[in-house]
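1. just need the structure, nothing else, for what follows:
(2 chains, ligands or ions: 1)
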Amino acid sequence: MNEIKLKIGELQITTKHGLMLVIEGLSSCIGLAVYDKRAKMAGMAHIVLPSSSISNEKDINEEFGKYADTAVPGILERMLSLGSKKEDLIIKIAGGTSMLSLENEDNPLNIGERNIIAVKKAINSLGLHITKADVGGYKKRTLKLNVINGAFYIKTIGQEEIEF
Amino acid sequence: MPENITEILNNASKVKHNFYTAIKVSQMLDDFNVNITNLSKVISADYALTATILKHCNSAQYSFARKITTINDAISVIGFKILKTIIFTIVTKASFMEEISGYGMMKGDLWKNSISCAVYSKYIAGLINYDDPDQAFTAGLLKDIGKTMLNDYVKKHFKQIMDLCINEKIAFSDAEEKIIGYSHSQIGGLVAEKWKFPKILIDTIKYHHNPEEAENNDCEDLDLIRIVHISDSISSMMGHGIGLDSLMYNVDASCFKKLGLKSKSENIESLISEMVNLNPEISLLNSSI
Ligand SMILES: [Fe+2]
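-> Residues are numbered from 1 along each chain as shown, chains lettered A, B, ... in the order given. Below you'll find the predicted structure:
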């Protein structure tokens, strides 16, 4: 099985069987993994920040995997335009950790919490909902999605990998 | 029951072996009357180190017109200051690549975390016109040197330390101190002192999780400590080689203002956006060392 490891800010949509989409070392970033069970199409994004409003115009085309408000439509709208039906999409997210002192949602450094909120909002605004989420806390996670069968896996640091 | 400090510091001897040339070079360079021939001799005596320095100087990082074949050559094209940074980077990699299992760090994690923090530190140093961005790089690189020495003890007491963190909401380093008697920052600081590192490096290692405490403790360069503190926190948030402890620390948000950086949500997000754009640079640096 070939693993495609998504770097920070990277986004992938694929139907190539024999591939496993992987995001290693999710901390305050969010891994968004989407699967269309009918078309056997998989999408994944390694989202860093909640909003592209802080990015300058010029970069936005290259960097749309980096922000929740561009990466979420970047995957979901794209998959819908490629023929996916809303009811066939399985949407899972992981990540969004905080540091010990940052739990307060209003803390400007609490990127993790703001990422979780922004990703949920962007998904809901497309009339879709999250199937499953493993977010928050203080632990690093690795997220995987097998393109051939839509099996999702999560590995939390210090624990065994489990199906997700 | 606190552990014995002499025993902990004995663990430093293995790391010291890797750092031997770096310490010596660093001391020679701190001497204004440094003799280039002697300096080259000291470095050249370490074959592995010399080979890596030359490989790095001939990498895409620099693309000099001609091939750099000797340490003398290297000194003449990159200068002492950068050479010192390179040497520290090479010897740090040799020690930090190992698995640091007490902290849940796999092979390569501590290195990945440290090199990211180093690049981010240099970047923030540049942003605020800090006078020595290369020093910031080295400080960011070495902040967790104490983890390599405290590893076995953290492993032994891990559950107790983590329980204390969670139950009392205290930082992992504070819990280390309560259970083992010393934190990785304190051990790192002690070792750096023993090895006669410059005082500002010792202070940064010692206070990288507690910049506020540094203000009450006669530290020459509070800005460097703040730079590394912020860079360390952002490296952890970005997940660069993090372990079980990495998110169990406080972030002192006042460091932003004290460094003259804006600290509203959008400012911090912009900063992070710029910092993650440095990730390809981190990979390039990593492959040339
Ligand atoms: Fe640390």
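2. buried residues, the one helix or strand B:Lys14 maps to. List them.
-> Using DSSP states H and E, B:Lys14 sits in helix B:12-30. Buried residues in helix B:12-30, defined by neighbour count with 16 or more other C-beta atoms under 10 Å in any protein chain shown: B:Ala12, B:Val15, B:Asn18, B:Phe19, B:Thr21, B:Ala22, B:Ile23, B:Lys24, B:Val25, B:Ser26, B:Met28. (C-beta placed from N, C-alpha, C; glycine too.)
3. closest one of the residues you listed to A:Ile30?
-> B:Val15 (36.5 Å; C-beta to C-beta).
4. list the contacts of that closest one.
-> B:Val15 is in contact with B:Ser95, B:Ile145, B:Thr148, B:Met149, B:Val191, counting by C-beta atoms under 8 Å, 6 or more residues apart in numbering or on different chains.
5. next one: A:Ala133
-> By C-beta under 8 Å, 6+ apart, the neighbours of A:Ala133 are A:Lys92, A:Ile93, A:Ala94, A:Ile116.
6. tell me the bridge partners for it.
-> A:Ile93 (DSSP bridges).
7. let me know the closest of the contacts of A:Ala133 to A:Ser52.
-> Distances from A:Ser52 to the contacts of A:Ala133, taken by C-beta to C-beta, are shortest for A:Ile116, at 16.9 Å.
8. and stretch B:33-52, how far from the chain's centre?
-> Taking C-alpha atoms, centre = their mean, to the nearest Å, one finds the center of stretch B:33-52 at 23 Å from the center of the full chain.
9. how many neighbours does the residue in the stretch 51-200 of chain B that chain A sits nearest to have?
-> Residue of the stretch 51-200 of chain B nearest chain A, by C-beta to the nearest C-beta: B:Gly104 (5.5 Å). For B:Gly104, the neighbour count with other C-beta atoms under 10 Å in any protein chain shown is 21.
10. can you give me the distance of A:Ser101 to chain B?
-> Distance, A:Ser101 to chain B, by C-beta to the nearest C-beta, to the nearest Å: 4 Å.
11. residues contacting residue 135?
-> Picked chain A for this. A:Ile30, A:Ile93, A:Ala94, A:Gly95, A:Gly96, A:Gly112, A:Ile116.
12. can you look at chain B instead?
-> Contacts were defined as C-beta under 8 Å, 6+ apart; by that measure B:Gln135 touches B:Ala125, B:Ile200, B:Leu201, B:Leu224.
13. quick check, it in a strand?
-> No. Counting by DSSP: H, G, I helix; E, B strand; the rest coil, B:Gln135 is not part of a strand but helix.
14. hang on, the earlier thing: chain B: which of the contacts of A:Ala133 is nearest?
-> Using C-beta to the nearest C-beta, the contacts of A:Ala133 come closest to chain B at A:Ala94, 11.6 Å.
15. write out the residues of chain A neighbouring chain B.
-> Within chain A, the positions near chain B by C-beta under 8 Å from any C-beta of the partner chain are A:7-9, A:24-29, A:48-51, A:53-55, A:63, A:66, A:97-102, A:107-109, A:111-112, A:114, A:138-140, A:157-158.
16. my guess is A:Val34 contacts A:Ala42. True?
-> Yes. Counting by C-beta atoms under 8 Å, A:Ala42 is a contact partner of A:Val34 at 7.0 Å.
17. follow-up on the earlier one: tell me which of the residues of chain A next to chain B fall in strands.
-> Taking DSSP state E as the definition of strands, the residues of chain A next to chain B contribute A:Glu24, A:Gly25, A:Leu26.
18. quick check: longest helix in chain B by residues?
-> Counting residues, the longest helix in chain B under DSSP state H turns out to be helix B:71-96.
19. pull out the buried positions in that helix.
-> B:71, B:73-75, B:78, B:82-96.
20. tell me the centre residue of chain A?
-> A:Leu32 (1.4 Å; C-alpha atoms, centre = their mean).
21. would you format the contacts of A:Ala133 as a markdown table with pLDDT and neighbour count included?
-> Below are those laid out as a markdown table (pLDDT from 0 to 100; neighbours: other C-beta atoms under 10 Å in any protein chain shown):
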| residue | pLDDT | neighbour count |
| --- | --- | --- |
| A:Lys92 | 98 | 20 |
| A:Ile93 | 98 | 26 |
| A:Ala94 | 98 | 25 |
| A:Ile116 | 97 | 24 |
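22. and the gap between the closest residue to the residue nearest to the centre of chain A other than its chain neighbours and chain B?
-> Nearest residue to A:Leu32 in three dimensions, chain neighbours excluded: A:Ala45, at 4.6 Å (C-beta to C-beta, 6 or more residues apart in numbering or on different chains). Applying C-beta to the nearest C-beta, the value for A:Ala45 to chain B is 14 Å.
23. can you tell me the SS state at A:Ala45?
-> Once three-state DSSP is applied, A:Ala45 turns out strand.
24. check contacts around residue 50.
-> No chain was given, so I picked chain A. A:Pro50 touches A:Tyr67, A:Ala68, A:Asp69, A:Ile111, A:Arg114, A:Asn115, A:Ile117, A:Ala118, A:Val119, B:Glu269, counting by C-beta under 8 Å, 6+ apart.
25. you looked at the wrong chain, it should be chain B
-> B:Thr50 neighbours (C-beta under 8 Å, 6+ apart): B:Ile43, B:Ser44, B:Ile71.
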